[in-house]
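J.: 3D model of this:
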Amino acid sequence: MNDDITPGPVGRRESMVAAFPGVMRFAVVGVVNTTVYYGSYLLLRLVVPYIAAHLIAIVVAMVGSFLLNCYWTFRTPPTWRKFALFPLGNLVNYVVTTVGVVALVDGAGMDERIAPLVAAVVAIPFTFVLSKKILTRTPVPSAGTR
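T.: Next up, the predicted model:
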């Protein structure tokens with residue numbers, strides 16, 4: 001009989017529970033970000049074509065998302081380096097939502113006011129993983145700082 005106590009599924013569950021507050025904060029930031037994006041999109045749609053409105057609204061929302069995710073979700077100080085990398089981490093989000101919006105509006109005939117919301121849902125899991133990697137990773141010290 002094996003008397004060893006090993007962290008099996010309970011250990012994984014405990015780590016998931018420990019991550020829960022961060023995931024919940026990310027979800028709240030996501031709601032705020034989506035609201036900023038969607039409000040910007042609807043306003044911009046009045047003066048530019050829907051695809052331009054979509055792309056500009058993404059940039060507006062991304063700046064707010066970066067700051068909220070740094071200060072509140074991952075509790076890490078923002079830096080210019082992280083700010084520069086943040087859009088790269090969201091590249092999958094941009095591609096999925098942009099392709100999704102075009103496919104849903106032009107391909108499926110969905111209302112252009114609803115399509116961005118549907119496309120955004122698909123991109124959420126990718127955004128969390130990539131944002132966390134970029135915002136919380138510790139930079140490798142350069143050779144001169146040892």
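
J.: after the one helix or strand Thr98 maps to comes which helix or strand?
T.: Using DSSP states H and E, Thr98 falls within helix 91-102. Next along the chain after helix 91-102, taking DSSP H and E as the criterion, comes helix 115-136.

J.: Buried residues of that following helix, list them for me.
T.: For helix 115-136, a neighbour-count test (16 or more other CB atoms under 10 Å) marks 115-116, 119-120, 123, 126-128, 130-132, 134-135 as buried. C-beta coordinates here come from the backbone N, C-alpha and C atoms, glycine included.

J.: Ok, stretch 70-85 next?
T.: When neighbours are counted by 16+ other CB under 10 Å, the buried residues of stretch 70-85 are found to be Cys70, Thr73, Phe74, Lys82, Phe83, Leu85.

J.: Could you pull up the contacting residues of the first one?
T.: This means Cys70. Thr76, Pro77, Pro78, Lys82, Leu135 (CB atoms under 8 Å, 6 or more residues apart in numbering).

J.: Now do the SS call for the second one.
T.: When you say that, I think you mean Pro77. What DSSP: H, G, I helix; E, B strand; the rest coil gives for Pro77 is coil.

J.: returning to that earlier point: which strands and helices sit next to the helix holding Thr98?
T.: helix 50-68, helix 115-136 (3 or more CB pairs under 8 Å, 6 or more residues apart in numbering; DSSP states H and E).
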